[in-house]
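Chemist: Give me a model of this one.
(2 chains)
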Amino acid sequence: MLNYIWVGLIIIGIISAGGTDIYREVNDTYKNGSIIVGMFTQNSNLRGESKGEVEFQKENINLHYNGNLTQQSFNQPIAITIQKDGSRKFVIDVNDNSPQLWKEMSKGSSATGKLSGVISNMLLTEKENVYQINLAIEKINYLKLKAVTNAAFDYAGTAVTLALGLIGVMALWLGIMKIADEAGFLKIVTKLVSPITRRLFPDVPPDHPAVAAMVMNISANMLGLNNAATPMGLKAMEELNKLNTKVGTATNAMCTFLVINTAGLTLIPATVLAIRSAMGSSNPGIIIAPSIFGAGCATVAGLVAVKILQRMKRFSIEK
Amino acid sequence: MIEQFKNIVNIISALAIPLMVLLFVVYGVYKKVKVYEKFIEGSKEGFDVAIKIIPYLVGMLVAIGIFRASGAMDVLVAILQPITNLIGMPPETLPLALLRPLSGSGSLGLMSELMNTHGVDSFIGVLASTMYGSSETTFYVLAVYFGSVNISKTRHAVPAGLIADLFGMLGALLIVRLLYI
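Modeler: Numbering: from 1, shown residues only, chains lettered A, B, ... in the order given. A predicted model of the protein is given here:
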């Protein structure tokens, strides 16, 4: 199943990126090479580089891109430099004021976050330091495919950062757990919870060290102690794997344990609460009980599903 | 009621780790375990486990990254929207429900965005935060946990995890609708 989902994500991703790019190329969504008119107010002029703001009217932009901007006009910071051959180059900093399309275009332009191009005409108006300029924005194409390429490399880096970030907490908790294990503490925990764990994990001997690690992982998750939960969970997987008779294949106990984990039952969803209070909610805690209910539904449904699915032939261990 | 519950859980969360470390170490000394040596012995595994996870995590995150960057999510939303409209789920929250099992940071960003545009205490704002709190990043958990023991044949873990996610989202929708109507 994971195979299909993995392949599905990649194929759907690349095909829809390519499809969108071809569609946009054919429809000339980015209007490559055509000219937009704006009003340039010059604030400074140093050694052939003048800086200022350029104002675009809604009508111009909407007509140009067949768009539907609502704001009357918008301003963009711009820098204009005179080249050796006398032509003028411009660079616009794309910011929050920019139309959505420009924000997208700036992600695939020659300098990320900026749109550059050539000024074909520059006329002084009656007002001092105000010019009417004709801008031709650089050629933009294959935005989605470029985004896909960048994402692939970025996420590969992120994965390594995430994994390396685990080293510290892993080392700490595996060390602490080793002490608890040697002292026989884990056996005490195991005995206490055996009435529940015996039903959930019938394949695991009730006094196996995996049980203690799983219980500690689930408790840590419930308290929202993620840093402690992951190392304990991985310790549990290691212990469960010792009972595994088929290398590289998940056991029933592992799947049950992971479903409890992915359902994510937490008594206090700390991250959400922090964001809600930061955004000025009048009652950040209102979501605590609903979240417990939601995650409770997930846990129950997941456990029922796991117990039914494990009997199905297509998920049998031999396959 | 909720305030009290929140306080109690917060106190337990704050005390849990220091107390646990204290308990383990003291109990270890009492049982005459060479605590420092054993700590180092266990600790050594930490590095190996983290390194073992890397290929699984790279494979999973790259696929998710490609999918997200391609804009295919918009297509999926358009296909599923008629169904979710039937059960009274606001279309704005559908991308969040779809992204939740794939990406933790991505869905956190979407949630904040929804609360920003619709208001923290609005129906959509509360629903978005409840949806986020009702599930975990399933594919990340699967990649890390199975990766740590070199398991690539995951059997029924993925469908069961996704069923759990589906019911988590439906549960969140049901309870928030009851609260608001």
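
Chemist: what comes up buried for stretch A:278-297?
Modeler: For stretch A:278-297, burial by neighbour count (16 or more other CB atoms under 10 Å in any protein chain shown) applies to A:279, A:281, A:284, A:286-288, A:290-297. C-beta coordinates here come from the backbone N, C-alpha and C atoms, glycine included.

Chemist: do the same with stretch B:139-152
Modeler: B:139, B:140, B:141, B:142, B:143, B:144, B:145, B:146, B:147, B:148, B:149, B:151.

Chemist: Pick out the most distant pair among those residues.
Modeler: B:139 and B:149 (17.0 Å; CB to CB).

Chemist: Show me how the record splits chain B into domains.
Modeler: B:1-33, B:48-180 (automatic domain parsing).

Chemist: ends of the longest one, how far apart?
Modeler: End-to-end distance for domain B:48-180, by CA to CA, to the nearest Å: 49 Å.

Chemist: Off-centre distance for that domain?
Modeler: Here domain B:48-180 shows a centroid-to-chain-centroid distance of 8 Å under the convention CA atoms, centre = their mean, to the nearest Å.

Chemist: Repeat that for the first one.
Modeler: For domain B:1-33, the gap between its own C-alpha mean and the chain's C-alpha mean amounts to 23 Å (CA atoms, centre = their mean).

Chemist: from the buried residues of stretch A:278-297, which is closest to residue B:99?
Modeler: Using CB to CB, the buried residues of stretch A:278-297 come closest to residue B:99 at residue A:294, 16.0 Å.

Chemist: which residue lies farthest from the center of chain B?
Modeler: residue B:32 (39.3 Å; CA atoms, centre = their mean).

Chemist: What residues does the residue positioned nearest the centre of chain B make contact with?
Modeler: With distances taken as CA atoms, centre = their mean, the residue of chain B nearest its centroid is residue B:136 (2.0 Å). By CB atoms under 8 Å, 6 or more residues apart in numbering or on different chains, the residues touching residue B:136 are A:261, A:262, A:263, A:264, B:101.

Chemist: repeat for residue A:288
Modeler: Contacts of residue A:288 by CB under 8 Å, 6+ apart are A:267, A:268, A:269, A:273, B:2, B:5, B:6, B:133.

Chemist: thinking again about what came up before, cross the buried residues of stretch A:278-297 against helices and list the overlap.
Modeler: A:288, A:290, A:291, A:292, A:293, A:294, A:295, A:296, A:297 (DSSP state H).

Chemist: Could you list the buried residues of the lowest-mean-pLDDT helix or strand in chain A?
Modeler: None of the helices or strands of chain A scores lower by mean pLDDT, DSSP states H and E than helix A:58-65, at a mean of 81. Neighbour-count burial for helix A:58-65 flags A:58, A:61, A:65 (criterion: 16+ other CB under 10 Å).

Chemist: residues making contact with that helix?
Modeler: A:29, A:31, A:34, A:36-38, A:67-73, A:99, A:101.

Chemist: Name the residue of the stretch 51-200 of chain A that lies nearest to chain B.
Modeler: residue A:178 (2.6 Å; CB to the nearest CB).

Chemist: Next, the buried residues of whatever helix or strand that residue lives in.
Modeler: Secondary structure from DSSP states H and E places residue A:178 in helix A:143-182. Neighbour-count burial for helix A:143-182 flags A:143-148, A:151-152, A:155-156, A:158-160, A:162-163, A:166, A:169-182 (criterion: 16+ other CB under 10 Å).

Chemist: got it, and stretch A:296-316?
Modeler: So for stretch A:296-316, counting by 16+ other CB under 10 Å, buried means A:296-299, A:301-303, A:305-307, A:309-310, A:315.

Chemist: Ok, stretch B:164-181 next?
Modeler: Applying 16+ other CB under 10 Å to stretch B:164-181 flags B:164-176 as buried.
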